[in-house]
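Chemist: please work out how this folds:
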Amino acid sequence: MWLLSFLSDSVLELIIRMILIIGAASFVLGLITKWIPFLGSKSLVLRIIGLALLFPGLYLWGGYGVEMEYRAAAEAWKAKIEILEAKSQQENREIEEKIVKDTKIIKQDTDATLAEIEKLREQIDSQCELTPDMIDLYNKGIIGGTK
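Modeler: Purely as a prediction, here's the structure:
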């Protein structure tokens, strides 16, 4: 059945419709010719050929309908995937921008904290004890907040 995917939809539909038409016409012709004396012997052959084409034609017609539904569903999913990929790219850009912005803020906070530590370096006494201001400054530096 995968070989049929190489045919275009219109050609495939045409072939299936021709099988149905030839099958139905042969069956009806077989029913009509049984009353014609010189063609009556060919009536059974025409009916058998008609049914032999009609039943597989109906089966193919149903399969064609299902195949077209699958193709339509596949196209719909492809369209949804393209939309979601575009949204994903936009979200990725926004996330990257936020990361860059947050990185700048953290860098600025770190630089500000280092500058304050340098200012308060002289307040550390000879025993290396930290004042409460230094402890608060250290905690702010870890958290990432500024004054």
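
Chemist: every contact and neighbour count from this point should use C-alpha atoms.
Modeler: Fine.

Chemist: could you point out the helix or strand that follows the helix or strand where P56 lies?
Modeler: Using DSSP states H and E, P56 sits within helix 43-120. Using DSSP H and E, the next helix or strand after helix 43-120 towards the C-terminus is helix 132-143.

Chemist: pull out the buried positions in that next one.
Modeler: M134, L137, Y138, K140, G141 (16 or more other CA atoms under 10 Å).

Chemist: what's around the closest residue to Y138 other than its chain neighbours, how many residues?
Modeler: Distances taken as CA to CA, 6 or more residues apart in numbering put T113 closest to Y138, at 7.9 Å, once the chain neighbours are dropped. With neighbours defined by other CA atoms under 10 Å, the count for T113 comes to 21.

Chemist: next one: L84
Modeler: For L84, using other CA under 10 Å, the count is 12.

Chemist: same deal with L54?
Modeler: 21.

Chemist: how much space between the nearest residue to it once chain neighbours are set aside and L29?
Modeler: Excluding the flanking residues, the one nearest L54 by CA to CA, 6+ apart is G23, at 4.5 Å. For G23, the distance to L29 equals 10 Å [CA to CA, to the nearest Å].

Chemist: out of those two, which sits in the more crowded spot?
Modeler: A count of neighbours by other CA under 10 Å puts G23 above the other of G23 and L29, at 25 against 16.

Chemist: give me the element that one is part of.
Modeler: helix 9-33.

Chemist: what is the mean pLDDT for the helix holding P56?
Modeler: Mean pLDDT, helix 43-120: 89.

Chemist: show me what it is packed against.
Modeler: helix 9-33, helix 132-143 (3 or more CA pairs under 8 Å, 6 or more residues apart in numbering; DSSP states H and E).

Chemist: now for the shortest one, which elements pack on it?
Modeler: I take that to be helix 132-143. helix 43-120.

Chemist: cool, the longest one as well?
Modeler: Of the remaining helices and strands, those touching helix 9-33 by 3+ CA pairs under 8 Å, 6+ apart are helix 43-120.
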